[in-house]
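>>> no sequence on this one, just coordinates:
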DNA sequence: CTGGCGCATCAACGGAAATTGATGCCGGCT
DNA sequence: AGCCGGCATCAATTTCCGTTGATGCGCCAG
């Protein structure tokens, strides 16, 4: 039953990845730490909007923030991505390839 | 720039995975082929709703359908899941672990 | 050929999420 | 101390998506 909590977290992370801007943020963070001002420049989006998306990613545990003076640097959490890969793989590996002649609902 | 098309497909697949019912459908299909009537029973959802979600998954290339008489059997495409895993891994492996003392936007 | 079943499609509704602009907080500079 | 720049938060708006019920199509059984 603690698995239900993990399932919720996985779903939350999948939701966080369902937006183009957030995916682009992650690809930017793959190149290393970025502050919000870097991302507003790279994604051509308002600062308020970026802050909102970063909060979404942070709540999903996909990124981490680090204060440095008046800047906040964001970086991605590789472990969260690895967990998602494991989740997808668990579904894929459980997959039954050939169905043969299967009966249905009659 | 053909990469932009692939990126759109990846994003479409991530959007398809951002709904709980659709994820549950995939976990069901991991156990083998299922017709819509099986899924309505397993997910306790209306037939119309299931058909809608299955279309979303099908458009994303995550599942395939096969007609058998008056039934339509759905099964998941393992290759699409593997592609998503590769996408996530490409971001994760490009990730730079330690930032050291990085300058920002001044 | 006709009735019934499985499924897809459509229009309409409601709610959640994305976007925007304004405002507040915090830390550094002079 | 006072000002300014980087960022978070808030309220309001719009846009998008999940959900529902009704309808239509194709297929098998009688």
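Noted; the coordinates are in hand. Only a predicted model underlies this, so the values are computations on that prediction, with no experimental measurement involved.
>>> in stretch A:43-56, what counts as buried?
For stretch A:43-56, a neighbour-count test (16 or more other Cβ atoms under 10 Å in any protein chain shown) marks A:43, A:45, A:50, A:53, A:54, A:56 as buried. Where you see a C-beta, it was placed from the backbone N, CA and C, and this is true even at glycine.
>>> could those residues go into CSV alongside pLDDT, distance to residue A:9 and secondary structure?
Formatted as CSV, the entries for the buried residues of stretch A:43-56 read as follows, by pLDDT from 0 to 100; distance: Cβ to Cβ, whole Å; DSSP: H, G, I helix; E, B strand; the rest coil:
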residue, pLDDT, distance to residue A:9, secondary structure
A:43, 95, 26, helix
A:45, 95, 26, coil
A:50, 98, 23, helix
A:53, 98, 18, helix
A:54, 98, 18, helix
A:56, 98, 14, helix
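>>> from those residues, which is closest to chain B?
Within the set of these, residue A:56 lies nearest chain B; the separation is 11.8 Å, counting by Cβ to the nearest Cβ.
>>> residues in contact with that closest one?
Taking Cβ atoms under 8 Å, 6 or more residues apart in numbering or on different chains as the definition of contact, the neighbours of residue A:56 are A:16, A:19, A:22.
>>> Show me which of the residues you listed is closest to residue A:88.
Of all these, the one with the least separation from residue A:88 (Cβ to Cβ) is residue A:16, at 15.1 Å.
>>> right, and the closest one touches residue A:57 too?
Yes - the pair residue A:16 and residue A:57 qualifies as a contact (Cβ atoms under 8 Å) at a distance of 5.5 Å.
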